[in-house]
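Q: the sequence and its predicted three-dimensional model are supplied below.
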Amino acid sequence: MAVIDPSRTWELLEKRLAVTTDERHRVVLGIVLEHMKAEAEPDLDRLMATLSPTPNYHFWQGGQDVGPEGFEGVRTYYAEFLETRTNILEFALDRLVVDDHCVVTEGFLKMLYPGSHAARSGIPVGDESADYLVVHRQVILWPVDENGLVRGEDSYSSGPVSVTEVPFDELPQAYIDLVHPSSDRATPTGT
């Protein structure tokens with residue numbers, strides 16, 4: 001079984017969209033779904049096309065809001081996020097709420113981190129040259145504007161609930177291609 005399955009991130013949204021008949025709810029679900037898939041691809045322009053002209057993000061960590069604001073601030077955030085190589089992730093949702101103006105998602109956010117990036121982020125790791133699966137419990141509110149575009153994310157995270165070193169042979173190929181492209185190690189089995 002793969003250590004990360006990015007498709008689980010949007011699986012619950014696709015199921016809900018398939019049975020939703022309310023047109024506005026379909027719009028709201030659809031734009032969040034598009035946003036998730038563009039982030040996973042990753043396609044920065046496609047991702048930014050899902051956002052309103054004035055997005056504001058609120059990432060609540062330790063009682064502080066550390067989210068980016070404004071279109072250029074959010075674009076810079078996503079460009080830097082993609083550079084960290086932590087966008088190989090799975091948001092395993094167990095709760096989804098939708099109304100005319102917002103989607104709420106809750107579940108366990110699983111991210112693969114290069115050990116050196118995890119350490120710089122304050123995540124305790126034993127070996128900075130290793131790779132780690134970091135799991136958080138997370139709730140995200142996705143407000144959507146009258147034009148059907150995401151106005152931002154209001155994210156509440158527990159902080160790491162687990163940090164586990166992942167052997168190379170269990171890493172997904174997409175992660176290896178991104179983080180270890182010149183590796184002479186064998187292709188992993190955990191794809």
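A: The structure has been received and is ready for your questions.
Q: the residue lying closest to residue 57 once chain neighbours are set aside and residue 56, how far apart?
A: Distances taken as Cβ to Cβ, 6 or more residues apart in numbering place residue 67 nearest to residue 57, at 3.4 Å, with adjacent residues excluded. Where C-beta positions appear, they are placed from N, C-alpha and C, glycine not excepted. Between residue 67 and residue 56 the computed distance is 7 Å (Cβ to Cβ, to the nearest Å).
Q: hey, what's in contact with both of these two?
A: Contact criterion Cβ atoms under 8 Å, 6 or more residues apart in numbering; residues shared by residue 67 and residue 56: residue 152.
Q: picking that back up, contact partners for the residue nearest to residue 57?
A: Residues counted as contacts of residue 67 (Cβ under 8 Å, 6+ apart) are 56, 57, 58, 59, 77, 152, 153, 155.
Q: the same query, at a cut-off of 6 Å, please.
A: Contacts of residue 67 were listed using Cβ atoms under 6 Å, 6 or more residues apart in numbering, and they are 57, 58, 59.
Q: by neighbours, which of those wins?
A: residue 57 (21 neighbours; other Cβ atoms under 10 Å).
Q: how many neighbours does the nearest residue to residue 48 once chain neighbours are set aside have?
A: Leaving aside its chain neighbours, residue 48 sits nearest to residue 75 (5.7 Å; criterion: Cβ to Cβ, 6+ apart). Residue 75 sits with 17 neighbouring residues when counted by other Cβ under 10 Å.
Q: thinking again about what came up before, just checking, which of the contacts of residue 67 belong to strands?
A: Among the contacts of residue 67, the residues falling in strands (DSSP state E) are 58, 59.
Q: can you give me the buried ones in stretch 29-40?
A: With burial defined by 16 or more other Cβ atoms under 10 Å, the residues of stretch 29-40 counted as buried are 29, 30, 31, 32, 33, 34, 35, 36, 37, 38, 39, 40.
Q: CA atoms of stretch 45-60 as PDB?
A: Output of stretch 45-60 as PDB, limited to C-alpha atoms (Å, rounded to 0.1, in the frame of the first residue of the first chain):
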ATOM      1  CA  ASP A  45      -1.100  29.000 -13.100                       C
ATOM      2  CA  ARG A  46      -4.000  26.500 -13.000                       C
ATOM      3  CA  LEU A  47      -4.000  26.700  -9.200                       C
ATOM      4  CA  MET A  48      -4.000  30.500  -9.200                       C
ATOM      5  CA  ALA A  49      -6.900  30.500 -11.700                       C
ATOM      6  CA  THR A  50      -9.100  28.900  -9.000                       C
ATOM      7  CA  LEU A  51      -8.700  32.000  -6.700                       C
ATOM      8  CA  SER A  52     -10.500  35.300  -6.400                       C
ATOM      9  CA  PRO A  53      -8.500  38.400  -7.300                       C
ATOM     10  CA  THR A  54      -8.000  39.200  -3.600                       C
ATOM     11  CA  PRO A  55      -7.500  35.900  -1.700                       C
ATOM     12  CA  ASN A  56      -6.600  35.800   1.900                       C
ATOM     13  CA  TYR A  57      -5.300  32.700   3.700                       C
ATOM     14  CA  HIS A  58      -5.500  32.200   7.400                       C
ATOM     15  CA  PHE A  59      -3.200  29.400   8.700                       C
ATOM     16  CA  TRP A  60      -3.700  29.200  12.500                       C
END
